[in-house]
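1. let's see this in three dimensions:
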Amino acid sequence: MEKIDFCFFVTELARDGEFAVMLSREFEKRGLRTFFVTTSEAGDLAFQKAGLTNFCNIESMSKTMQITDENLGRAVERAQSQFGIESMSFEILTEKMVFKRKDDKEMMRKLLLYLFSLSEFFSKRFEVRYFVQGCSKSLNSIAFYYAGANQGKHIFFSASPIAGYLYFSFHPWGLLEVDPKNVKHVEGEARKRIEDYVAKVKEEKKVAIVLPMSKVTPSLTKERFQKLFYLLKNFRSEHLPILFILKNFTMRFFRQFYVRRFYQNPVPGEKYMYFPLHFPDDSQLTARAVPFITQEFVIEILSRYLPYGYKIYVKEHPASLGYYSSHMLRFICGLPNVKLVPPLLNSHGLIQKAEIVCVINSSVGYEALLYQKPVVTFGESFYSGRGVTLDIRNLYDVPKILQQAQRFQPDRERILSLLHAWYQESYPPSPERVFYDSHQEDAEVFCDALVKYTEGQIP
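-> Okay, here's the model as predicted:
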């Protein structure tokens, strides 16, 4: 069988296909063999235009197979046994919640067809060392489970907490991992670099999102109309749910104005716990924090055990204006000692004045550590379980941990050591360049980074 060094999974958008073509050429220069799995015509067209044949379309492959309603139960059992999947229902949860779908059977069937067709295609042709894809992209679970069942390794890549860098990870959920041996006291130039980084973050107070705010807010700008025209023109080739996108944008646009009635400004001198809302139905919740997926429920629990004299300041994710239902926000505002603050308030300012920062697994928890604030977490994250946060894994522990949080301060030396370890596991290029505005030089840097990450493992 043909040996492949890296197999990439390419999502629906044309720009992903174009970047994949750049990667293919760069790896070929390094004497490494690649293959790409696409999900739409947009990806196929990019390869065909470049004259490349090292790709296949999983959507087309899956159409050669069939799973009837009568055989669906047996197919689920087979997949769970063959690929080591604990629950197929869990694997469709993100798509089910994001797109408000109720056709569990069809979602399950599609996932199974992808898995089985991928297995049949690769088992006869290739021996793959590494399957690679970006976090929060489609086909995450398919690639991961197939790799695990076929002695391959699966690598996620995503935005590093160190701004301007990427990281790679073998973790099942794509969490940034560090070797405990590398978490040690930092001195000299390394310490200065980390301290300068912390000072820069505090000075700039940038919001930790990859895209500019102009691209994520539901506004009627020239750029938005251009994007709408592009979607209407290309939704078939990119397999985009155009009706859902249009309906979602319209609801967000009007809802962002309606929910302003719920906002209350912070009160100077008021003691509060800061709780940032996650993007609704994000995989951060549906994969890494399933017990706490209903965020308003978590806030309700916190309000019941809130230390005397405290308020909870809740803030919407800045990239999700209009996404939260008015029912959800109304419920949060009705809880005792809870305030919904305006979503465009700078998160760094709220962190600085907060007594406690409580998160599910938000990047706000990481930012709060830079200010040495007591951080309480509910879900799995790259910074929890490292000795610098108070982690809730059992709701019975909430009262005790909230009491501890009033006296807790994370150790600064430990935080600097972790920052240095995370920095060592971060690579250029910046996520913005890879995901949204990539060029040939970005592909070169990305290839160098991935080869370095896997160094010593490729003969």
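
2. excluding its backbone neighbours, what's nearest Phe116?
-> Met65 (6.0 Å; CB to CB, 6 or more residues apart in numbering). (Glycine included, C-beta is placed from N, CA and C.)

3. assign a three-state SS to the one you found, would you?
-> Classification of Met65 using DSSP: H, G, I helix; E, B strand; the rest coil returns coil.

4. now swap in Gln133 and tell me
-> Relying on three-state DSSP, one would call Gln133 strand.

5. and it, bridged to which residues?
-> Taking DSSP bridges as the rule, Gln133 bridges to Phe156.

6. what is the neighbour count of it?
-> 24 (other CB atoms under 10 Å).

7. quick one on the thing from earlier: how close does the residue nearest to Phe116 sit to Phe121?
-> 11 Å (CB to CB, to the nearest Å).

8. please apply the same query to Glu187.
-> To Phe121, Glu187 is 52 Å away according to CB to CB.

9. look at these two and report which has more neighbours.
-> Phe121 (15 against 10).

10. find the nearest non-adjacent residue to the more buried one, please.
-> Met61 (5.8 Å).

11. what residue spans form the domains of the protein?
-> Domain assignment of the chain by automatic domain parsing yields the ranges 2-177+429-453, 203-417.

12. reformat those domains as a markdown table; add distance to Glu195 and mean pLDDT.
-> A markdown table is the format used below for the domains of the chain (distance: least, CB to CB, whole Å; pLDDT from 0 to 100):
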| stretch | distance to Glu195 | mean pLDDT |
| --- | --- | --- |
| domain 2-177+429-453 | 14 | 86 |
| domain 203-417 | 7 | 88 |
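
13. nearest to Ile194, out of those domains?
-> Minimum separation from Ile194 across the domains of the chain (CB to CB) falls at domain 203-417, 5.4 Å.

14. can you get me the centre-to-centre distance for that closest one and its chain?
-> 14 Å (CA atoms, centre = their mean, to the nearest Å).

15. residue contacts, the closest residue to Gln440 other than its chain neighbours?
-> In space, and not counting its chain neighbours, Gln440 is closest to Met22: 5.6 Å by CB to CB, 6+ apart. Contact analysis of Met22 by CB atoms under 8 Å, 6 or more residues apart in numbering lists 438-440, 442-443.

16. ditto for Gly188
-> Applying CB under 8 Å, 6+ apart, no residues contact Gly188.

17. give me the distance between it and Tyr197.
-> 15 Å.

18. which stretch of helix or strand covers the nearest residue to Ala287 once chain neighbours are set aside?
-> Ranked by CB to CB, 6+ apart and with sequence neighbours excluded, the top spatial neighbour of Ala287 is Trp173, at 5.6 Å. Per DSSP states H and E: Trp173 is located in neither a helix nor a strand.

19. just Tyr145 next, same as before
-> helix 140-149.

20. what helices or strands is that helix leaning on?
-> For helix 140-149, the packing partners by 3 or more CB pairs under 8 Å, 6 or more residues apart in numbering; DSSP states H and E come out as helix 69-83, helix 104-123, strand 126-134, strand 153-159.

21. repeat the analysis, applying 6 Å as the threshold.
-> On a contact count with 3 or more CB pairs under 6 Å, 6 or more residues apart in numbering; DSSP states H and E, helix 140-149 meets helix 104-123, strand 126-134, strand 153-159.

22. export the second one as PDB, just CAs?
-> Looking back up the chat, that one is strand 126-134. The C-alpha trace of strand 126-134 is given here as PDB (Å, rounded to 0.1, in the frame of the first residue of the first chain):
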ATOM      1  CA  PHE A 126      -3.100   4.000   1.800                       C
ATOM      2  CA  GLU A 127      -1.100   3.600   5.100                       C
ATOM      3  CA  VAL A 128      -1.400   7.100   6.700                       C
ATOM      4  CA  ARG A 129       0.900   8.300   9.500                       C
ATOM      5  CA  TYR A 130      -1.000  11.400  10.500                       C
ATOM      6  CA  PHE A 131      -4.500  12.700   9.900                       C
ATOM      7  CA  VAL A 132      -4.600  16.500  10.400                       C
ATOM      8  CA  GLN A 133      -7.400  19.000  10.700                       C
ATOM      9  CA  GLY A 134      -8.300  22.200  12.400                       C
END
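
23. what residues sit buried inside that strand?
-> By 16 or more other CB atoms under 10 Å, the buried positions in strand 126-134 come out as 126, 128-134.

24. next, the angle from it to strand 153-159.
-> 20 degrees (axes from the mean of the first three to the mean of the last three CA atoms, to 10 degrees).

25. no further queries at this time; thank you.
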